[in-house]
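J.: Here is my input, please return the structure:
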Amino acid sequence: MTMINTTVAGKELLWFNNTLVTIQVSSADGEDGICVIEHRVPYGDSPPLHLHHNEDEVFHILEGRMRFVVDGRERVAGAGETIIAPKGLPHTYRVESPEGAHTLTVTRGSDFETMVRKASRPAERPDLPPMAAPTPEMIETLTRLCAENGIDLVGPPMGS
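T.: Next up, the predicted model:
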């Protein structure tokens, strides 16, 4: 199968697990190392519980509804709301809106961006990838890439 490097408005589209991502601002674009990644995330999506050693992770919800757990505290957020997961604190989320969610993730530094780029593949179209459960190989690769980029996976994804 040939991968097509799809772009929208000059930005590369990537499939990161079951999500569609666009790096809107790379950490290399400015002197402060700010990175802004746009995500389209399907209903039920939840990353493993994890923590970042070097970067705060800020989530701004553009559309949809998400349940977050940050350092054991749960909060539901919707369009227009912003959640911060400070570095060093375990966090995860689960998309609760049936239509999925559209978010921006903001970090300072290149760890998260580098991991996302290395764990992604070029999107074949400007839409979500086909849903797929992670294989043991995918989990092993994600775990390794996270560890190489200052991110520890410390627990399972959030259940329903």
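J.: quick one, what contacts Met115?
T.: Met115 makes contact with Leu145, Cys146, Glu148, Asn149, Ile151, according to CB atoms under 8 Å, 6 or more residues apart in numbering. C-beta: built from backbone N, CA, C; applies to glycine.
J.: My error: substitute Glu113 in the last question.
T.: Counting by CB under 8 Å, 6+ apart, Glu113 touches Ile23, Ser26, Ser27, Cys35, Ile37, Thr107.
J.: sec struct for it, please.
T.: At Glu113 the chain is in helix, as set by DSSP: H, G, I helix; E, B strand; the rest coil.
J.: could you pull out the strands for this structure?
T.: 7-8, 11-16, 19-25, 34-41, 49-52, 57-63, 65-70, 73-78, 82-85, 91-95, 101-108, 121-122, 151-155 (DSSP state E).
J.: out of those, nearest to Pro129?
T.: strand 11-16 (4.1 Å; CB to CB).
J.: Which strands and helices lie in contact with that closest one?
T.: strand 19-25, helix 111-119, strand 121-122 (3 or more CB pairs under 8 Å, 6 or more residues apart in numbering; DSSP states H and E).
J.: Just give me the neighbour total for the closest residue to Val36 other than its chain neighbours.
T.: Spatial nearest neighbour of Val36, chain neighbours left out: Val25 (4.1 Å); criterion: CB to CB, 6 or more residues apart in numbering. Each residue near Val25 was counted by other CB atoms under 10 Å, and the total is 16.
J.: does Val25 really touch Cys35, like I thought?
T.: Yes: the criterion here is CB atoms under 8 Å, and Val25 meets it with Cys35 at 6.1 Å.
J.: one step back: a markdown table for the helices and strands packed on strand 11-16, including distance to Asp45 and mean pLDDT?
T.: A markdown table is the format used below for the helices and strands packed on strand 11-16 (distance: least, CB to CB, whole Å; pLDDT from 0 to 100):
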| stretch | distance to Asp45 | mean pLDDT |
| --- | --- | --- |
| strand 19-25 | 6 | 97 |
| helix 111-119 | 14 | 97 |
| strand 121-122 | 17 | 96 |
